[in-house]
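# fold the following and give me the result.
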Amino acid sequence: MSCPQKLSRRFFPLTVEKLPPDEEKRLQEKGFLGYTKLVRTNPSLVHIRPAYADLAETYYNFEFRPDDTVLLTFPKSGTTWLSEALWAVRNLGQLGQADEADIDERVFFLDNDFLQPTPAGADTPAMKRFAAACPEGRVEDGVALQMAGAHKGPRILKSHLQLELLNPDLLNTCKVVYMARNPKDVCVSYFHHCRKNTKKIFQGEFPDFAETFMDNKLLFAPYWDHVRQVWLRRGHENLHFMFFEHMKRDVFGELRRLATFLEADLSDEDVQRVADHCSFGRMKEREARQSQGRGPSTGVPASSTRAKSEAGRTSPLRI
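Okay, the predicted model is just below:
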C-alpha cells in the first residue's frame, strides 16, 4: 500500500500568521503555559498549534470520498462519545475490535498532525504503521493525513477544524455529522481538560480561562463561528446536526435518527447495542484496559479522562 498521488490543489484562501508576541504574553500571564508559538488564520482568527501553518493547504485539499463519514465538533463537545457511536453504527458486526484498539486507531483524527506532530524517526507503533502504509511518505506532510489517504475502504474521520478550513467539496462528497454542546459546559470541560493535561496547557484559574474562551483565544476558537458555519448549512442533505444535550436526554432516539441519516438498516435491538457500546460505563472500562495509566492520545491520566457527564454539569470526561 502506498500513499495516494497528489492531485491538483486549490488555493488556500486564508493566511496563517504567528500570534503577536504581546498576545502570546497575555495568554501565558493568564496561565496558558502550553500556548507557545501559536498561529492564527487571517481574517477568521482561528487559533491553532504552529505545525498547522505548514499543513493548512494540505488540510484544505484533503480528498474526501463518497463512502466517508466525517465528524466535526468544537473541542469538548462530545467528540469521543459520538466517534464511538458512529464507529459502532458502521461496524456493528465487529464491536469486539473496540476492546483491542483505542478509538483513535479506529477513527482517523486528522488534527493529530498539528496537535501532536510525529517526530521524524520516532520508534513508535504509529510510525511503524505509517511506514507500512506509506513507505514513500514524509512525516512533514502529515502522518495522520497520509494514513487516512492511504486507507482503502470506508473511513470515519474526525476534526475540530472549522468547516471553512476543510475541502470546500466536503458536504457535496460524503456524510458529515456535527455535534454542538452548550458553550457553558464546553468551557468548563475544556478547562478541566487543559488543567489535567500532562503537558500543562493551562495552570491558571477558571475566571481567566472563561474570559479567554469568551475572547475567542482558545485553540480552535472562535466557538460561535465554528458552530455557525455548519448551522447555516443544516438543511444540506449530507449534513446531520446533533446536540450533546439531546443525545444525553434520549440516546436511543438520537442514535436511531443518526442511523437513518447514515442509511444504516438497524433494528431496535441493533440500536440498543450501539447505545450500550457507547455508554460512558463501557467507554470507561475500555479505556481502563487499554491505557494502563495514561490516556492514549490526550496526555491526561486515565483516571481523569472518563467520568459521568450530564448536560448542564460538566466533568473532566474525555468527550
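# which stretches of the stretch 151-300 of the chain form strands?
Counting by DSSP state E, counting those that start in this stretch, one finds strands in the stretch 151-300 of the chain at the ranges 156-159, 175-180, 239-243.
# centre-most residue in this protein?
Central residue check for the chain by CA atoms, centre = their mean: the C-alpha nearest the mean position is that of S159, 3.9 Å away.
# is it in contact with F74, as I believe?
No - under the criterion of CB atoms under 8 Å, S159 makes no contact with F74, lying 10.7 Å away. From N, CA and C alone the C-beta is placed, and that goes for glycine too.
# if I've got this straight, L145 is in a helix?
Yes - the assignment for L145 by DSSP: H, G, I helix; E, B strand; the rest coil puts it in a helix.
# touching, it and Y59? I think so.
Yes - L145 lies in contact with Y59 (CB under 8 Å); the separation is 7.3 Å.
# now do the shared contacts for those two.
L110 (CB atoms under 8 Å, 6 or more residues apart in numbering).
# so where's the stretch 201-319 of the chain uncertain?
Per-residue confidence for the stretch 201-319 of the chain (pLDDT under 70) gives these ranges: 292-319.
# what segments of it are helices?
With DSSP state H, counting those that start in this stretch as the criterion, the stretch 201-319 of the chain has helices at 206-214, 223-231, 244-249, 251-261, 268-277, 280-291, 302-305.
# identify each buried residue in the first one, please.
Of the residues in helix 206-214, those buried by neighbour count under the rule 16 or more other CB atoms under 10 Å are D208, F209, T212, F213.
# which residue packs closest to the last one, ignoring adjacent ones?
The shortest distance from F213 to any non-neighbouring residue, by CB to CB, 6 or more residues apart in numbering, is to C187 (4.6 Å).
# if I look at that neighbour, how far off is L115?
C187 sits at a distance of 19 Å from L115 (criterion: CB to CB, to the nearest Å).
# cool, and T173?
From T173 over to L115 (counting by CB to CB), the distance is 24 Å.
# the two - which one has more neighbours?
Residue environment comparison for T173 versus L115 gives the larger neighbour count to L115, 20 against 17, counting by other CB atoms under 10 Å.
# was I right to think the more buried one contacts R49?
Yes - counting by CB under 8 Å, L115 touches R49, with 5.9 Å between them.
# and the lengthiest helix in the chain, average pLDDT?
Across the chain, the helix with the greatest residue count (assigned by DSSP state H) is helix 183-196. Helix 183-196 shows a mean pLDDT of 97.
# adjust the sequence numbering to begin at 766 for everything that follows.
OK, 766 is where the count begins now, so the last one is helix 948-961.
# please state the offset of it from the chain centre?
Put simply, helix 948-961 sits 15 Å off its chain's centre (CA atoms, centre = their mean, to the nearest Å).
# tell me what it is packed against?
helix 971-979, helix 988-996 (3 or more CB pairs under 8 Å, 6 or more residues apart in numbering; DSSP states H and E).
# cutoff 10 Å now
Here helix 948-961 touches helix 971-979, helix 988-996, helix 1009-1014, helix 1067-1070, going by 3 or more CB pairs under 10 Å, 6 or more residues apart in numbering; DSSP states H and E.
# I'd like these written out as TSV, with distance to K795 added.
What follows is the helices and strands packed on helix 948-961, written out as TSV (distance: least, CB to CB, whole Å):
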stretch	distance to K795
helix 971-979	4
helix 988-996	18
helix 1009-1014	27
helix 1067-1070	22
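# so which of those is nearest K783?
helix 971-979 (18.4 Å; CB to CB).
# by contact count, what packs against that closest one?
Taking 3+ CB pairs under 10 Å, 6+ apart as the contact definition, the neighbouring helices and strands of helix 971-979 are helix 786-794, helix 948-961.
# let me know which of the ones you listed is tucked in deepest.
Each of those was given a mean neighbour count from mean count of other CB atoms under 10 Å, and the largest, a mean of 21, is that of helix 948-961.
# CA atoms only for it - export them in PDB, please.
What follows is helix 948-961, C-alpha atoms only, in PDB (Å, rounded to 0.1, in the frame of the first residue of the first chain):
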ATOM      1  CA  PRO A 948     -21.000  26.600  25.400                       C
ATOM      2  CA  LYS A 949     -21.000  26.900  29.200                       C
ATOM      3  CA  ASP A 950     -20.400  23.100  29.500                       C
ATOM      4  CA  VAL A 951     -17.900  23.200  26.700                       C
ATOM      5  CA  CYS A 952     -15.900  25.900  28.600                       C
ATOM      6  CA  VAL A 953     -15.900  24.000  31.900                       C
ATOM      7  CA  SER A 954     -15.000  20.700  30.300                       C
ATOM      8  CA  TYR A 955     -12.200  22.400  28.200                       C
ATOM      9  CA  PHE A 956     -10.900  24.000  31.500                       C
ATOM     10  CA  HIS A 957     -10.700  20.600  33.200                       C
ATOM     11  CA  HIS A 958      -9.000  19.100  30.200                       C
ATOM     12  CA  CYS A 959      -6.300  21.700  30.000                       C
ATOM     13  CA  ARG A 960      -5.700  21.800  33.700                       C
ATOM     14  CA  LYS A 961      -5.300  18.000  33.900                       C
END
